[in-house]
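Chemist: Provided below for reference: sequence and predicted model.
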Amino acid sequence: MKKKIYAILIALIAIASINVYAKTDKAFYADETVSVKKEINTTSFVAGNNVDVSSTVDGLNFIAGNVVNVSSTQDYAFVAGNIVTLTNVTSKDAFVAGSLIKVIDSDIRDLYAVAETITINSNISRNLYAAGENITINSTIDGDVNLSAEKITIGENAVITGKLTYNENADIDIDKSASVESTKTYKPSENADVEVEVSPVALIVAEITSKIMSYLSMLAISLLLMALNKKVFKDIKKIDKDAGNLVKTGLFGFAFLVGLPVAAVILLITVIGLPISIISLLLYGILIYLSLTATTYFFGSWLLKDKIKNEYLQFTITLLAIYVLKMIPIIGGLVGFISLCLGLGIYVTLFSKYIKSNK
């Protein structure tokens, strides 16, 4: 049931995106450094290394990058990055993931945040859900606060009008000047015999947030690669698209998937081959993660070339469609496996091509 719910939600976003972006690319931005300061009358996608968004968006706002600064107004915000700062943000709900998150002087109804360090210096008009190592709250939360952390700090300016719920093994410091209506602790889930009280809505939201953040992370990394290494992606576009070649490429990918770890283990037992084995395994992990990038670009540039001219937009929509398919029971597993093998096969094909051309 939960899988169907978030699959439908993301599918609706994808449909809306296709209808809009087939006509315009003014709501899609991707580069090494991106700064967006304008009114956007539809759902917006922004991705880059350094991202600065202070736009007004009439719809959903998807933002991903390494260093992300957001001062935008939108219906709903979805933000992922390494260092994320939200300042003067206006949003009904905000879903944020990163390593370091700061929320300052914003107008947010419900905030969902996941990071190592989270600092809330902004009023939240309803509820806060946060998970991380260090969480600091020093503002007014007009609702419930649900936390999971190692260290929790409730500052002197904190006012929580609802219930503060946190894990009982957390190191918590509540300033004597802070105002908290009530508190409740729970046992962290360590094994199947321990039951934690979590609402179905919170579970659904957590799963939706996880999938969206995964999508945004993959999108940001892939778009950066597309911008930095255009020749590789042009070569991907040139790969033959007949059924026989696709099967052959997928088989190459499967052979690489199975064969490289075996070869690496054999090399591990030799002193000379040890460095090669370690490097091979590192490369193996990277290529597995980026296999979806190659598969998505291959199908996007092929299937959407007559409908959408912007290749970044082609990639965004195709990746979203694949994520939706991967969430469908049974079919999703098959789609994931095919995407993995085909993506690895594409890399093997390109590598073989480059070796031959160098000769």
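Modeler: That came through, no problem.
Chemist: quick one: contacts for Gly65?
Modeler: 34, 46-51, 80-82, 220 (C-beta atoms under 8 Å, 6 or more residues apart in numbering). C-beta: built from backbone N, CA, C; applies to glycine.
Chemist: Now list the buried members of those.
Modeler: When the contacts of Gly65 are checked for burial by 16 or more other C-beta atoms under 10 Å, the buried set is 34, 46-51, 80-81, 220.
Chemist: Just the ones of these in helices?
Modeler: Ala220 (DSSP state H).
Chemist: list the helices and strands the strand or helix carrying Val324 packs on?
Modeler: Assigning secondary structure by DSSP states H and E places Val324 in helix 311-326. In this structure, helix 311-326 makes packing contacts with helix 2-21, strand 28-36, helix 200-228, helix 274-303, helix 331-358, judged by 3 or more C-beta pairs under 8 Å, 6 or more residues apart in numbering; DSSP states H and E.
Chemist: mean confidence for it?
Modeler: Averaging the model's pLDDT scores along helix 311-326 yields 87.
Chemist: Output that helix in PDB with nothing but the alpha carbons.
Modeler: Provided in PDB are the C-alpha atoms of helix 311-326 (Å, rounded to 0.1, in the frame of the first residue of the first chain):
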ATOM      1  CA  GLU A 311      19.000  16.700 -23.200                       C
ATOM      2  CA  TYR A 312      19.100  17.600 -19.500                       C
ATOM      3  CA  LEU A 313      15.300  17.700 -19.500                       C
ATOM      4  CA  GLN A 314      15.200  14.400 -21.300                       C
ATOM      5  CA  PHE A 315      17.400  12.900 -18.600                       C
ATOM      6  CA  THR A 316      15.300  14.300 -15.700                       C
ATOM      7  CA  ILE A 317      12.000  12.900 -17.000                       C
ATOM      8  CA  THR A 318      13.400   9.500 -18.000                       C
ATOM      9  CA  LEU A 319      15.200   9.100 -14.600                       C
ATOM     10  CA  LEU A 320      11.900  10.000 -12.800                       C
ATOM     11  CA  ALA A 321      10.000   7.400 -14.900                       C
ATOM     12  CA  ILE A 322      12.600   4.700 -14.100                       C
ATOM     13  CA  TYR A 323      12.400   5.500 -10.400                       C
ATOM     14  CA  VAL A 324       8.600   5.100 -10.600                       C
ATOM     15  CA  LEU A 325       8.900   1.800 -12.400                       C
ATOM     16  CA  LYS A 326      11.400   0.500  -9.800                       C
END
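Chemist: Which positions in it come out as buried?
Modeler: 311-326.
Chemist: pretty sure Val265 belongs to a helix, no?
Modeler: Yes - the assignment for Val265 is a helix, going by DSSP: H, G, I helix; E, B strand; the rest coil.
Chemist: residue contacts, it?
Modeler: Val265 touches Ser277, counting by C-beta under 8 Å, 6+ apart.
Chemist: Now do the contacts for the closest residue to Lys38 other than its chain neighbours.
Modeler: Excluding the flanking residues, the one nearest Lys38 by C-beta to C-beta, 6 or more residues apart in numbering is Ser55, at 5.5 Å. Residues in contact with Ser55 (C-beta under 8 Å, 6+ apart) are 36-40, 44, 61, 72-74.
Chemist: Mean pLDDT lowest where, among the helices and strands packed on helix 311-326?
Modeler: helix 2-21 (a mean of 39).
Chemist: Surely Glu116 is in contact with Ala130?
Modeler: No - the pair Glu116 / Ala130 is not scored as a contact, 11.6 Å apart, by C-beta atoms under 8 Å.
Chemist: Give me the more crowded residue out of the two.
Modeler: Ala130 (23 against 14; other C-beta atoms under 10 Å).
Chemist: Quick check: the closest residue to that one other than its chain neighbours vs Ala131, distance?
Modeler: Nearest residue to Ala130 in three dimensions, chain neighbours excluded: Ala113, at 4.5 Å (C-beta to C-beta, 6+ apart). With the distance defined as C-beta to C-beta, to the nearest Å, Ala113 ends up 8 Å from Ala131.
Chemist: So which of these two has more stuff around it?
Modeler: Ala113 (25 against 17).
Chemist: Mind telling me what element that one is part of?
Modeler: Per DSSP H and E: strand 107-114 holds Ala113.
Chemist: what's downstream of that strand, the next helix or strand?
Modeler: In N-to-C order, the element after strand 107-114 by DSSP H and E is strand 117-121.
Chemist: Can you tell me the strand partners of that next one and which way each runs?
Modeler: When pairing is defined by DSSP bridges, strand 117-121 lines up against strand 100-104 (parallel), strand 134-137 (parallel).
Chemist: Could you list the buried residues of the last one?
Modeler: By neighbour count with 16+ other C-beta under 10 Å, strand 134-137 contains the buried residues 134-137.
Chemist: Need the residues that contact it.
Modeler: 116-120, 128, 145, 147, 149-155, 158, 160.
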